[in-house]
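**Student:** curious how this folds, go ahead:
(chains A and B)
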Amino acid sequence: DIQVTQSPSTLSASVGDRVTITCRASQSISTWLAWFQQKPGKAPKLLIYDSSRLQSGVPSRFSGSGSGTEFTLTISSLQPDDFATYYCQQYNSYQNTFGQGTKLQIK
Amino acid sequence: EVQLLESGGGLVQPGGSLRLSCAASGFAFSSYAMTWVRQAPGKGLEWVSIISDSGRTTNYANSVKGRFTISRDNSRNTLYLQVNSLRAEDTAVYYCAKAQSSVSGTAFDYWGQGTLVTVSS
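**Tutor:** Down below sits the predicted model:
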């Protein structure tokens, strides 16, 4: 199975900061990677798919990049609503897998 | 508006069974693959299973293979997950989600609010 490893597991930042979260796959997954945002008690929300395509309705401060085994999610200028947990997910193989999550908290 | 509404969760003893349902509306249900993802209390997301638009192709996580069965009724716009031989580690919120295409290998763009399954004696 393809494993995906996210880093960091926790990230402290301030409103207005630029932050980056990394996801590494155990083998090449081309660009078959998505990023989700989840808030406590809520369902995950799709932000980015196919590594870099912005889901409709998602603010442009969110961006994704990467291919092969290394991927990044960048938030260009943190807003108060962005403090949440973020997950990457690979869908290259029949066995989809999620990263373990990155909790983005207020510094 | 796309809506997904899960039901069927509850408290069940180890070794027991449940059938989870996900009622879909607001899109052409029979044209999209559908999936189940779960989240144990305080833990991350775990993909469980996926089914193609027609229902002919299914895939499962190794952790549930042989115990869980995904199915769909396109005439009722409903997705199902039959969960058998339940274990304590199956305790989780179970989400259904819509795939972006008819087959596996795409992202999941709409999610329900989840149904809680608790396995305990």
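**Student:** only C-alpha atoms from now on, for both contacts and neighbour counts.
**Tutor:** Fine.
**Student:** could you check which residue of chain A lies nearest chain B?
**Tutor:** Among all residues of chain A, residue A:91 sits closest to chain B, at 5.1 Å; criterion: C-alpha to the nearest C-alpha.
**Student:** can you get me a residue count around that residue?
**Tutor:** Residues lying near residue A:91 (other C-alpha atoms under 10 Å in any protein chain shown) number 23.
**Student:** how about it, nearest residue that isn't a chain neighbour?
**Tutor:** Excluding its sequence neighbours, the residue lying closest to residue A:91 (C-alpha to C-alpha, 6 or more residues apart in numbering or on different chains) is residue B:105, at 5.1 Å.
**Student:** in which helix or strand does that neighbour reside?
**Tutor:** Element membership of residue B:105 [criterion: DSSP states H and E] is none; it lies in no helix or strand.
**Student:** count of neighbours near it?
**Tutor:** Residue B:105 has 20 neighbours, counted by other C-alpha under 10 Å.
**Student:** list the residues that contact it.
**Tutor:** A:32, A:91-94 (C-alpha atoms under 8 Å, 6 or more residues apart in numbering or on different chains).
**Student:** could I have the buried ones of these as ChimeraX selection syntax?
**Tutor:** Buried residues within the contacts of residue B:105, by 16 or more other C-alpha atoms under 10 Å in any protein chain shown, are selected in ChimeraX with:
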select /A:32,91,92,94
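**Student:** okay, the contacts of residue B:105 in CSV with secondary structure and pLDDT next?
**Tutor:** Below are the contacts of residue B:105 laid out as CSV (DSSP: H, G, I helix; E, B strand; the rest coil; pLDDT from 0 to 100):
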residue, secondary structure, pLDDT
A:32, coil, 95
A:91, coil, 93
A:92, coil, 87
A:93, coil, 75
A:94, coil, 77
